[in-house]
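1. Structure, please.
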Amino acid sequence: MTRTPDGPGRGSADARHAEIRRVRPRDAARMRALRLEMLADAPLAFLETLANAAARPHADYAARIAYVSAGADTAQFVADPGGRLVGHAGGTVTPEEPGLTVVYAVYVTPSWRGTGLLGELVEAVAAWSRQCGRPELMLEVVVGNDRAYRAYRRLGFVDTGVRVPHPTVPALTELQMRRAA
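-> Okay, the predicted model is just below:
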């Protein structure tokens, strides 16, 4: 499907496709820019503040991106239209459940929302999870973030009924959702 910054089939003369792929070490600077955008746009959805992320040296980003670009314990996937990265989803193992991949840091830049990119990013994590022998996905959503909740339901995630405290904002609660990888 051809995607434009305004969404599928909305008639842009500059039709662009975003490649969904695992992040590469050379993506560090573009990943840093996307991370700062993510934190500015949805500060409660991620585990660090914009100020902390902005203060982190580029070498830290580069080391992190190199680490998640290979291996079976953690991976990050990006939507790359050939310029600025426009989406991200990560996956990681959890020692408590060896057959589970925790999906984290899911984000699509506002101008690309509604294009199917979210599903493609989650499917990239799911394919990686299956290749690593983990048949189930789990993610957490802040209670009250109805847009994200509905989007994940459309992707086959089911609310498990489990509620956990938000890891950085004690007044908030997150709900867990799961689906097969």
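
2. Could you use CA atoms for every contact and neighbour count after this?
-> Fine.

3. Least confident secondary structure element in this structure?
-> For the chain, the helix or strand with the lowest mean confidence is helix 50-55, at a mean of 90 (criterion: mean pLDDT, DSSP states H and E).

4. Give the buried residues for the very next helix or strand once past that one.
-> Scanning forward in sequence from helix 50-55 by DSSP states H and E, the next helix or strand is helix 58-68. Buried residues in helix 58-68, counting neighbours by 16 or more other C-alpha atoms under 10 Å, are found at 61-62, 65-68.

5. after helix 58-68, next one along is what?
-> Defined by DSSP H and E, the subsequent element after helix 58-68 is strand 74-80.

6. Show me what that following strand is in contact with.
-> When contacts are taken as C-alpha atoms under 8 Å, 6 or more residues apart in numbering, the neighbours of strand 74-80 outside the stretch itself are 18-23, 68-69, 85-93, 117, 121, 124-125.

7. So which of these belong to helices?
-> Using DSSP state H, the subset of those located in helices is 68, 117, 121, 124-125.

8. Which one (most neighbours) among the residues you listed?
-> Each of those was scored by neighbours using other C-alpha atoms under 10 Å; the highest score is V125's, at 28 neighbours.

9. Please list all residues in contact with the spatially closest residue to that residue that is not a sequence neighbour.
-> Across the structure, with C-alpha to C-alpha, 6 or more residues apart in numbering as the measure, the residue nearest V125 apart from its sequence neighbours is G91 (6.0 Å). Contacts for G91 (C-alpha under 8 Å, 6+ apart) come out as 74-76, 101-104, 125, 129.

10. Specify which member of those is nearest to A33.
-> Sorting these by distance to A33 puts Q76 at the head of the list, at 15.0 Å, by C-alpha to C-alpha.

11. Which positions are bridged to the closest one in the beta structure?
-> As for beta bridges, Q76 partners with G90 under DSSP bridges.

12. Would you mind measuring from the residue nearest to V125 to P57?
-> According to C-alpha to C-alpha, to the nearest Å, G91 and P57 sit 23 Å apart.
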